[in-house]
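In: my questions concern the predicted model and sequence given below.
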Amino acid sequence: MFNKNDELELTISDLGITGEGIGRVDGYVLFVKDTVIGDRVRVKVMKAKKNYGYARLVELLEPSPNRVEAPCPVARSCGGCQIQSMSYEEQLRFKADKVFNNIRRIGGIEEFEREPIIGMEEPFHYRNKAQFPVGLDRDGNIVSGFYAGRTHSIIDMDHCMLGICPEGRDVNGEIMKLIKVFMKEMGIKPYDEKTGKGLVRHVLIRIGKTTGQLMVCIVINGRKMPHANILVDALREIPGMTDISLSVNTQRNNVIMGNEIINLYGPGYIEDYIGEVKFRISPLSFFQVNPEQTEKLYNKALEYAELTGNETVWDLYCGIGSISLFLAQKAKKVLGVEIVPEAIEDAKVNAEINGIENAEFLVGAAEDVVPTYFENHPDAPECQPDVIVVDPPRKGCDEKLLKTMVLMKPERIVYVSCDSASLARDLKWLTGNGYHLKKVTPCDQFGQTVHVETVCLLYKENI
């Protein structure tokens, strides 16, 4: 065992789930941020437990062949990109291994087809959404940017290399600089988490990758923005500005968006496309942040669903209907379920504007709506679906929902996941209750980060 402030040399042999390097000395495990597999490093122990500890990188003695120079000047301090110093080819290998190993270790499943990870052509400038916290630096200047890793200390920056730059323009930077100048000139204070005082908490920016439409939603600790007309006039000068609003959040918590939206300019939404499908996106809508990769992910889910035009399909955790509308183009009927009422309203509108009439949307928690629907309509065709598609939040599916899915006996289950650990847990349950895992495809939606999406195909076993 080592002690705090000990310095030692080691080689990084693995990465943790949040991207930190893992090295071992005499069996003792040390987690070291800002390292990649293959680095030979000198580190300083910052926290020592009985069997493991955390250390800080002191010196890079011999760089890994997979190490690259991070192009972002604040990559090491910012908490947004955990693995920007790793070559993109190695990032893809790491993510695919993470998915397959979790299914094997947590799910206990060895036999399944491991399809190649779907990588990005350009692993920068892909995010259509940014959320900038706003605060004060030590000198009292207004700053905005992103939080340092595992803190709420703001790294002052307006340009993120992951953000979409339409026509080469740094739209996020333009908007944030304008808002900060406005706040300074009008004497408007940013929110202080410690005191609960101040007005401006965050700024949400959405960019329509295909349409070029821009949305700005300013999260405030109140219900009114002083001199809002001046800010709106200034923002409207930015090419593509389509919608400007306020989000009311007066709670003392870490939740970014409030539930009440006050419209200042525009229709209350922007529009964008995934493939041929048009979507209306409001400030509170969940919409995938990487539309180009999302199209690839959804096409893989559509491929796994094996639709011929005669199938009844459930799409659980459907959001604004993004997967549902892809499925509806090839299915007889699709039923989408989502807990957020505003998202369901968006889903209905999205179906209408795309001329899709075979999609129906139900509001409520999937683990409540689907079992209740099944109990009340056991003989209905919808309760004997051909395919169930499920795309749950990071925590995965409730067991109550999994049980109902199995009782409905779909021929195929297509499971889309943003967390391979909860995915593996649910796959273990499903494969233990009559289903066989056939294929798994990881898809990189989030270059430079440790996050990865996965789509799986399960078949009902003939018992």
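Out: Yep, it's here.

In: and the helix ranked longest in the chain, what other elements does it pack with?
Out: Looking across the chain with DSSP state H, the single longest helix is helix 88-105. Taking 3 or more Cβ pairs under 8 Å, 6 or more residues apart in numbering; DSSP states H and E as the contact definition, the neighbouring helices and strands of helix 88-105 are helix 420-431, strand 435-443. Placement of C-beta: from N, CA and C, glycine included.

In: closest to Asn350 out of the ones you listed?
Out: Evaluated over these, closeness to Asn350 peaks at strand 435-443, with 22.0 Å, by Cβ to Cβ.

In: list the strands paired with the very next helix or strand once past that closest one, with their directions.
Out: Per DSSP states H and E, the first helix or strand lying C-terminal to strand 435-443 is strand 453-460. Note on strand 453-460: by DSSP bridges, its sheet partners are strand 412-417 (antiparallel), strand 435-443 (antiparallel).

In: using PDB, list the CA coordinates for strand 453-460.
Out: What follows is strand 453-460 as a C-alpha-only set of coordinates in PDB (Å, rounded to 0.1, in the frame of the first residue of the first chain):
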ATOM      1  CA  GLU A 453     -24.300   4.100 -27.700                       C
ATOM      2  CA  THR A 454     -25.100   0.400 -28.400                       C
ATOM      3  CA  VAL A 455     -27.800  -1.400 -30.300                       C
ATOM      4  CA  CYS A 456     -28.600  -5.000 -29.700                       C
ATOM      5  CA  LEU A 457     -30.900  -7.600 -31.300                       C
ATOM      6  CA  LEU A 458     -32.600 -10.300 -29.300                       C
ATOM      7  CA  TYR A 459     -34.700 -13.200 -30.600                       C
ATOM      8  CA  LYS A 460     -37.400 -15.000 -28.800                       C
END
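
In: so what's the backbone phi/psi at Ile356?
Out: Backbone torsions of Ile356, given as degrees, to the nearest 10, read phi -100, psi 120.

In: tell me who's in contact with the residue nearest to it when sequence neighbours are not counted.
Out: Of all residues beyond its chain neighbours, the one nearest Ile356 is Ala328 (4.9 Å), with distances taken as Cβ to Cβ, 6 or more residues apart in numbering. With contact set as Cβ atoms under 8 Å, 6 or more residues apart in numbering, Ala328 has these partners: 334, 351, 356, 358-359.

In: could you dump the residues you listed to CSV with pLDDT and distance to Gly21?
Out: Compiled in CSV, the contacts of Ala328 are given as follows (pLDDT from 0 to 100; distance: Cβ to Cβ, whole Å):
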residue, pLDDT, distance to Gly21
Val334, 98, 44
Ala351, 97, 46
Ile356, 97, 47
Asn358, 98, 50
Ala359, 97, 46
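
In: nearest to Lys400, of those?
Out: Distance from Lys400 was checked for each of the contacts of Ala328 by Cβ to Cβ. The minimum falls on Val334, at 22.2 Å.

In: so what's the closest one bridging to?
Out: Partner residues in beta bridges with Val334, using DSSP bridges, are Val313, Ala359.

In: please tell me how far it sits from Cys318.
Out: When Cβ to Cβ, to the nearest Å is applied, the distance between Val334 and Cys318 equals 9 Å.

In: neighbour count: these two, which is higher?
Out: Neighbour comparison, Val334 and Cys318: the larger count goes to Val334, with 31 against 28 (by other Cβ atoms under 10 Å).

In: can you give me the end-to-end span of stretch 383-403?
Out: With Cα to Cα, to the nearest Å as the measure, the ends of stretch 383-403 fall 13 Å from one another.

In: now that stretch: mean pLDDT?
Out: Mean per-residue pLDDT for stretch 383-403: 96.

In: would you mark the buried spots in that stretch?
Out: Judged by neighbour count using 16 or more other Cβ atoms under 10 Å, the buried positions of stretch 383-403 are 383, 385-392, 396-398, 401-403.

In: with respect to Leu15, which of these is nearest?
Out: Using Cβ to Cβ, Gly396 is the member of these that sits closest to Leu15, with 22.2 Å.

In: list the contacts of the closest one.
Out: 417, 419, 422-423, 425-426.

In: 6 Å instead?
Out: Applying Cβ atoms under 6 Å, 6 or more residues apart in numbering to Gly396 gives the contacts 422, 426.

In: quick check, it in a strand?
Out: No. Secondary structure of Gly396, determined by DSSP: H, G, I helix; E, B strand; the rest coil: coil, with no strand assignment.

In: if I look at it, how far off is Cys217?
Out: Taking Cβ to Cβ, one finds Gly396 at 29 Å from Cys217.

In: just how off-centre is the longest helix of the chain within its chain?
Out: 18 Å (Cα atoms, centre = their mean, to the nearest Å).

In: all numbers from here: first residue = 12
Out: Done: numbering now begins at 12, and the last item shifts to helix 99-116.

In: so which bits of that helix are buried?
Out: Using 16+ other Cβ under 10 Å as the burial criterion, the residues of helix 99-116 that qualify are 99, 101-103, 105-107, 109-111, 113-114.

In: immediately after the helix or strand harbouring Arg212, which helix or strand?
Out: When elements are defined using DSSP H and E, Arg212 is found to belong to strand 211-218. Downstream of strand 211-218, the first helix or strand assigned by DSSP H and E is strand 225-231.

In: most neighbours, which of the contacts of Ala339?
Out: With neighbours defined as other Cβ under 10 Å, the most crowded of the contacts of Ala339 is Val345; it has 31 neighbours.

In: wait, what's in contact with it?
Out: The contact partners of Val345, taken as Cβ under 6 Å, 6+ apart, are 324, 326, 335, 338-339, 370.
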